[in-house]
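Trainee: Build the 3D model from these lines:
(chains A and B)
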Amino acid sequence: MKKLLVFVLLLVFAFAFAGEPKKGGTLVIAYWGDPISFNPDAKIDDAGSGIYGCIFSRLVALDTDYNVIPDLAESWEVSEDGLTYTFHLRKGVKWHDGHPLTSADVVWTFKQIMSHKEAPANRHFRDVESVEAPDDYTVVIKLKKPYAPFLGFLAWYGTYIMPKHLYDITENGSPVDWLNNPHNQNPVGTGPFKFVEWVKGDHVTLEKNPDYFLGEPYLDRIVFKIIPDENTALQAFLNGEVDYDGNVSRAQIDTLKRVPGVVVYLKPGPSRYYMGFNVNRRESPFHDKKVRFAVAHALNREEIFKKAIKYGQVAEGFYTPAIPWAYNPNAKIPEYNPELAEKLLDEAGYPRKEDGYRFEVTLVYFQGQEWRDMSTIIKEQLDKVGIKVKLEEYEIAAYIEKVLKAGDFDLTVLDGFQGPDPDNLKIRVGTGGDVNVMGYSSKEVDDLLEKAGSISDKEKRRELYFKIQEILAEDLPIYPIAEVMYTYVHRDYVKGLPYQMAGVVAYNNYAKTWLDK
Amino acid sequence: MTAGPPAVFQGEWNVSTFTRYIIRRLISAGVMVYIVMTVNFFIIHAAPGDPVTIMAGIEQPSKEIIEALKKKYGLDKPLIYQYLKYMSNIIRGDLGYSYVYDQPSWTLISERILPTLVLTLSGSILAFVIGVYLAIFVSHLRLKFGETIASVISYILYATPSFWLALIMILVFSSKLKWFPTSGMFDLRHTYVGFRRFLDFLHHMVLPVTTLMLIQMPVFYRVTRASIVQNQNEEYVVTLTAIGVPKEKLFKKYIIKNAILPSITIFGITLGFSITGAALIEIVFAWPGMGRLMLDAIFRRDYQLLLGIYFLMALFISIAMIITDIVIALLDPRIRLT
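Mentor: Sure thing, here's the model as predicted:
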């Protein structure tokens, strides 16, 4: 009788899922590095952030196109004045240990972020006045002043909801800091996969959470196999030891494209390569705007892109086109015109000397083939108009000291994530911004950034960001080179990956992923 | 006095001189470890950057994050204060605290010790045995041809970068022949248990251990070989040959015994270093050893984790040296433990 029932059930399932995603199997991902811990909100942890999304959930999330989508909150409202955000939580969500999720967890998490200055999301909570829970399934956040990008940042880095019942603990009468909680090694979340084990330096194993609130995941298990070397990762992928190569280098893309059964998907990301001028230091020739324009005319970014970057696209404007609503296509980068460059340099008071050079500058960059290639080509191109470039390569720590802290450079090449909201321009071009290595300062830009960050009308914000890009095109503190391409490399039988499910699942959430084999 | 045939043990050291010797060596090792730690402490802190700034990165750094973390970990205090605090912790048996992982250094280190030693000890022991045996074998055969081949191979291996050899091993034995997996310690598609899991582990171990063996072997081969050649020209060999000791006996009983001593010294030092792992080989084979932990700690300026590893390294090497000296003294009565 029992057997018959099982048989009937199987039959029903077989019909119901004909052509539908298949259940079961283990997805093995070659992953580039070890997480720091499994506390998803406490510290900047790029390796961890690729795994957290499987275990934890946020209030709202970003999909791979940077749209804000519901996660633990199934809906939300923003008040007319832009000061009050009301979130309505899903009912019946359970932590992996069976404990129910309530608004108390959300409130506790956000209060922790607010009381920990070192938490990466802390700065986005700076204007939060209060976080309250009127009932078990409602969270109300009040801001001191309107802050339009709030929702985007809430869906981004270091905002995963954490289990209050496991973290709000005391030891010998004093509260245990969330950095020292034992669950940082053994996380409990509400995401599609449960934590199984973490063998440091070797792998992280997760198994499906059948009670996941967006539906039972198809995969039985996900294993993140940590392979720090790109070449080993490639061989492990080609030999079938892993299904997804999460540690691909640019140089491998051409090879991978030729392998049958392998999907190589390239997608422009909201990050870009650019060159920064040291506009702040008076001794630097780039203090003079005319010289900056001369350099821009002397550079051929088409060539830099083809020789050093290869994948992605040549930059045209002053913001990332991957966030289209804020991108101004009319604020253009000066075009390649070496004659004009020579003329401008003569006018600026830098004639060619006996040795053929006008002046010498240093270009500082950090270790890595792409940076070395980019810098070498820039050096060659500037050499032609009589600017002698000295290249200096540093490991990342020394680079931070020299460029970010001491400002001891003339030119530097870097990249950077521009999203999730153009408000992030504040840290790149705003006065005193954390990655404003150029030392650029424009009252007009600062005012516009402040204003654009405080209104919620997207149309009006767009106008302000357009204006900012026009000013940047006139002042030229940076010379954008190219847009960064994100690469996804996996076997063709891996379906339903987050990048293929835009609008449905959050970035790094494998709830809808399945194996067609 | 010329070195006579070291046939009879004529030493007179007894238990008490031996104990005194050990105590003296331990004290000097302690001083050595202390000096190493002090020098390391200041060298590490002199390197540009600090753990907190590097953690903040260049994507989205924030001055608030950096300051808050510096305060939390006491990195804002004067260096000399940090030094005294750290040394007093070490004396109390606390190896420090990792700023990056927020865990005691010892917790992070202890997780790596087993995979590290399994890899390095097997590699070094195999390299020692094979290298020394090869040298004896080649010398014994007295075939010019065989010796040339062995020398050329050992030269080539000696000059080969370990990470390159590691990659070639993967390309040949994993990708081409499919005999062994590329990397890691376990097959992650299966969850083996018990003996099957152990076999799986051994299967994953073959390539990294072989690579390490091939990289270390030439040293043992060359040193032993040179030592044999040198011994063959010693006066005692001439004398013993003259009084009619058979060549076979002369070689096996006297020459080998003397010629192996330098290799044992090197082997001792190699064992001392075994705790630090083999970073480049570990990276290529994705082996979760100490070398990777150390390299990571260097890049991230994780001061106390790094110092913890250095402490263990200094300790291990000191002990290995003491043991080596004792072993040598036992093997060679000309050397006295005084």
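
Trainee: what comes up buried for stretch A:300-316?
Mentor: For stretch A:300-316, the neighbour count (16 or more other CB atoms under 10 Å in any protein chain shown) marks A:N300, A:R301, A:I304, A:F305, A:A308, A:I309, A:Y311, A:G312, A:V314, A:A315, A:E316 as buried. Placement of C-beta: from N, CA and C, glycine included.

Trainee: Report the secondary structure element holding the closest residue to chain B within the stretch 251-400 of chain A.
Mentor: Per CB to the nearest CB, A:A397 is where the stretch 251-400 of chain A lies closest to chain B, at 2.8 Å. In the assignment (DSSP states H and E), A:A397 maps to helix A:396-399.

Trainee: tell me, how many neighbours does A:S103 end up with?
Mentor: A:S103 has 22 neighbours, counted by other CB atoms under 10 Å in any protein chain shown.

Trainee: Give me the nearest residue to it, chain neighbours excluded.
Mentor: A:A133 (3.6 Å; CB to CB, 6 or more residues apart in numbering or on different chains).

Trainee: what's the answer for A:M162, then?
Mentor: Distances taken as CB to CB, 6+ apart place A:T109 nearest to A:M162, at 4.9 Å, with adjacent residues excluded.

Trainee: I'd assumed the one you found was in a strand, is it?
Mentor: No - checked against DSSP: H, G, I helix; E, B strand; the rest coil, A:T109 lies outside a strand; its state is helix.

Trainee: Tell me the confidence at it?
Mentor: Looking at A:T109, its pLDDT reads 97.

Trainee: picking up where we left off before, pretty sure the residue nearest to A:S103 contacts A:K111?
Mentor: No - applying CB atoms under 8 Å as the test, A:A133 and A:K111 come out as separate, 10.9 Å apart.

Trainee: Looking at those two now, which is surrounded by more residues?
Mentor: A:A133 (18 against 15).

Trainee: contacting residues around that one?
Mentor: Contacts for A:A133 (CB atoms under 8 Å, 6 or more residues apart in numbering or on different chains) come out as A:T102, A:S103, A:A104, A:V106, A:V107, A:V139, A:V140.

Trainee: So which of those residues are in helices?
Mentor: Of these, the ones assigned to helices by DSSP state H are A:S103, A:A104, A:V106, A:V107.

Trainee: So which of the residues you listed wins on neighbours?
Mentor: When neighbours are counted by other CB under 10 Å, A:V106 leads those with 25 neighbours.

Trainee: any idea how far it is from A:I427?
Mentor: A:V106 sits 27 Å away from A:I427, going by CB to CB, to the nearest Å.

Trainee: next one: A:S37
Mentor: According to CB to CB, A:S37 stands 25 Å off from A:I427.

Trainee: Same question for B:E248.
Mentor: Taken as CB to CB, the span from B:E248 to A:I427 is 79 Å.

Trainee: same thing with A:L59?
Mentor: 23 Å.

Trainee: who has more neighbours, those two?
Mentor: Per other CB under 10 Å, whichever of A:L59 and A:I427 has more neighbours is A:L59, with 23 against 19.

Trainee: Which pLDDT value goes with that one?
Mentor: 95.

Trainee: Contacts only, for it.
Mentor: By CB under 8 Å, 6+ apart, A:L59 lies in contact with A:D71, A:L72, A:A73, A:W76, A:F87, A:V106, A:V139, A:L154, A:A155, A:T159, A:I161.

Trainee: List the residues that contact the third one.
Mentor: Same thing as A:A73. A:L59, A:V60, A:F87, A:H88, A:L89, A:R90, A:V139 are the contacts of A:A73 under CB under 8 Å, 6+ apart.

Trainee: partners of it in the sheet?
Mentor: Beta-bridge pairing for A:A73 (DSSP bridges): A:L89.

Trainee: picking that back up, same for the helix holding A:A397, what does it pack against?
Mentor: strand A:359-366, helix B:51-56 (3 or more CB pairs under 8 Å, 6 or more residues apart in numbering or on different chains; DSSP states H and E).

Trainee: Just list what the longest one packs against, helices and strands only.
Mentor: Same thing as strand A:359-366. Looks like strand A:359-366 contacts helix A:369-384, strand A:387-394, helix A:396-399, strand A:411-417 (3+ CB pairs under 8 Å, 6+ apart).

Trainee: For it, the averaged confidence score.
Mentor: 94.

Trainee: same deal with the last one?
Mentor: In this model, helix B:51-56 has a mean pLDDT of 80.

Trainee: Say whether chain A is contacted by it.
Mentor: Yes - residues of helix B:51-56 contacting chain A under CB under 8 Å from any CB of the partner chain: B:T53, B:I54, B:M55, B:A56.
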